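**Student:** Dropping the sequence and predicted coords here.
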Amino acid sequence: MEMWRLLLACLFCGLHRLCVRGASPGDIIQVKKQIFDGYDRYVRPVHSHEEPIQMDMLFSLTSIDSLDLKSQKLKWNGWLSLTWHDMLLSWNASQYGDLDFITVPQTKIWLPDYVIDNDVSAKRVLGNSDTLVFIRSSGLVTWEPGMVSETSCKIDIRKYPFDTQTCSFDFLPWMTTSRFLNTTVSSNKIQMSAFVPHGEFTIAGSSVMFARYPTTFSDDDLVGISFSIVLSRRPAFYWMIMIFPMVTFPLLCPISFLVPVESGEKITLSITVVLSYLVFIGSMNDAMPKLSDTVSLMVIYASLQTTISILTVVANGLIICVHKLPSDFQVTFPKFPKMSQRLVAIGEQKKYLPKGESLQSVTGSSVGLCPDDHNTNGMSACEEEKNAVSGSDKWIQIARRLDKICFSCFLCLTILVSVIFGFLISQ
């Protein structure tokens with residue numbers, strides 16, 4: 001009885017192994033011996049030497065580390081997915097325990113000689129000796145080399161810090177021309193499913209473009225694939241540390257015209273505002289890239305506002321000079337003294353003409369300057385006005401009027417410049 005039980009148990013175990021049988025390590029070893037026997041990784045796996053290899057490419061971006069505006073370099077992480085058929089790496093899965101795939105190091109099989117063409121460090125092969133390649137029984141090979149690279153990126157700072165930069169990742173076969181390698185892309189944009197959001201930039205879009213490059217060793221061309229990405233800067237931080245101070249600082253300059261000359265702080269305030277603005281521009285200049293092909297509108301705006309601020313210092317200095325002039329100071333015209341005297345006389349006549357009376361109706365140099373109408377005290381209105389003018393310093397009144405005119409002009413000019421540059425940046 002026990003013998004029968006033992007036989008039944010052995011039979012049951014054998015049937016169970018047949019039903020759930022899978023590939024063993026020995027099967028994997030046998031497959032590798034079969035497919036790599038006589039395999040040369042430097043020979044293209046095609047039936048005919050003139051036959052091109054059909055390759056599919058997909059690029060995935062995982063993160064953007066930094067975008068250096070001064071050196072115009074973009075540091076990023078990602079991987080490239082390449083798929084093709086290798087006719088020498090196929091086997092019958094049913095003969096090896098239904099073994100459907102294997103993985104081998106990339107150094108054991110033929111690989112396309114793609115490099116990152118715009119890498120700023122060096123032209124090197126993708127992946128490394130530890131990168132594995134996924135091979136199916138049908139000969140379908142999938143290679144996904146990861147990469148951390150710094151690529152060149154043309155920077156346009158015209159609208160900085162509201163700029164949008166377009167950077168590309170250029171992949172180019174180093175020696176294999178289009179006659180032997182036909183590459184297609186499975187998607188017309190960069191895959192962003194595993195992308196980690198960046199704190200300074202957002203992804204505004206991506207695209208794919210093919211480019212042909214002539215060779216010196218063949219009549220055929222190299223076909224490169226360029227994956228482009230559009231980076232849009234987040235402006236919230238720059239609003240607080242750059243835009244708001246840059247716009248409000250120039251508004252302090254017209255305020256100096258409201259300070260009376262008697263306080264002694266008029267010119268001090270305007271100079272302090274100019275110096276503060278220059279210090280702020282110096283700190284902003286450290287963050288700006290030193291480029292000559294494009295100039296930021298913010299730099300031009302800061303330069304204009306600095307010029308306006310310096311003009312306010314000059315205007316305040318002139319107003320103080322006018323305010324300090326003695327009351328008996330007269331403006332003369334040395335080149336045309338007779339003409340200047342005549343103009344002054346005509347001006348005085350016009351000043352005291354009654355309403356509705358023309359200058360032609362008045363004869364003589366002094367006739368008509370003071371009409372005959374008198375007030376109740378026996379003094380004419382003309383004499384009262386003369387006494388009021390002589391009782392006050394006319395140059396102080398002129399200086400105060402200049403303060404009002406300059407305040408209005410410089411305030412309007414500052415606001416106008418800000419509005420114009422705001423419109424240009426928003427375009």
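**Tutor:** Now that the structure is in, tell me what you want to look at. Numbering: from 1, shown residues only.

**Student:** can you map out the helices along the stretch 251-400 of the chain?
**Tutor:** 266-287, 297-323, 337-351, 381-391, 394-426 (DSSP state H, counting those that start in this stretch).

**Student:** Look up the closest residue to residue 154, ignoring the ones flanking it.
**Tutor:** residue 72 (6.6 Å; Cβ to Cβ, 6 or more residues apart in numbering). Where you see a C-beta, it was placed from the backbone N, CA and C, and this is true even at glycine.

**Student:** And residue 194, by the same measure?
**Tutor:** Closest to residue 194 by Cβ to Cβ, 6+ apart is residue 62, at 5.1 Å.

**Student:** Show me what the helix or strand harbouring that neighbour is packed against.
**Tutor:** According to DSSP states H and E, residue 62 maps onto strand 53-68. Strand 53-68 sits against strand 73-85, strand 164-173, strand 181-185, strand 221-233, with contacts defined as 3 or more Cβ pairs under 8 Å, 6 or more residues apart in numbering; DSSP states H and E.

**Student:** report the angle between the axes of the last one and strand 73-85?
**Tutor:** Angular relation of strand 221-233 and strand 73-85 on a 0 to 180 degree scale: 130 degrees, by axes from the mean of the first three to the mean of the last three Cα atoms, to 10 degrees.

**Student:** likewise the shortest one?
**Tutor:** For strand 181-185 and strand 73-85, the angle between their directions (the same axes, to 10 degrees) works out to 110 degrees.

**Student:** for stretch 252-267, how far is the first residue from the last?
**Tutor:** 13 Å (Cα to Cα, to the nearest Å).

**Student:** scratch that, stretch 170-178
**Tutor:** Start-to-end, stretch 170-178 (Cα to Cα) is 16 Å.

**Student:** Okay, buried residues for it please.
**Tutor:** Buried residues in stretch 170-178, defined by neighbour count with 16 or more other Cβ atoms under 10 Å: 170, 171, 172, 173, 176, 177, 178.

**Student:** what's the answer for stretch 227-241, then?
**Tutor:** Neighbour-count burial for stretch 227-241 [16+ other Cβ under 10 Å]: 227, 228, 229, 231, 233, 238.

**Student:** related to what we said a few turns ago, please identify the deepest-packed of the helices of the stretch 251-400 of the chain.
**Tutor:** Burial of the helices of the stretch 251-400 of the chain is given as mean neighbour count (mean count of other Cβ atoms under 10 Å); helix 297-323 ranks first at a mean of 18.

**Student:** pLDDT (mean, whole number) over that helix?
**Tutor:** Taken as a whole, helix 297-323 has a mean pLDDT of 88.

**Student:** so what's residue 190 up against?
**Tutor:** 59, 60, 61, 206, 208, 227, 229 (Cβ atoms under 8 Å, 6 or more residues apart in numbering).

**Student:** try 10 Å
**Tutor:** Going by Cβ atoms under 10 Å, 6 or more residues apart in numbering, residue 190 touches 58-61, 78, 169, 203, 205-208, 227-229.
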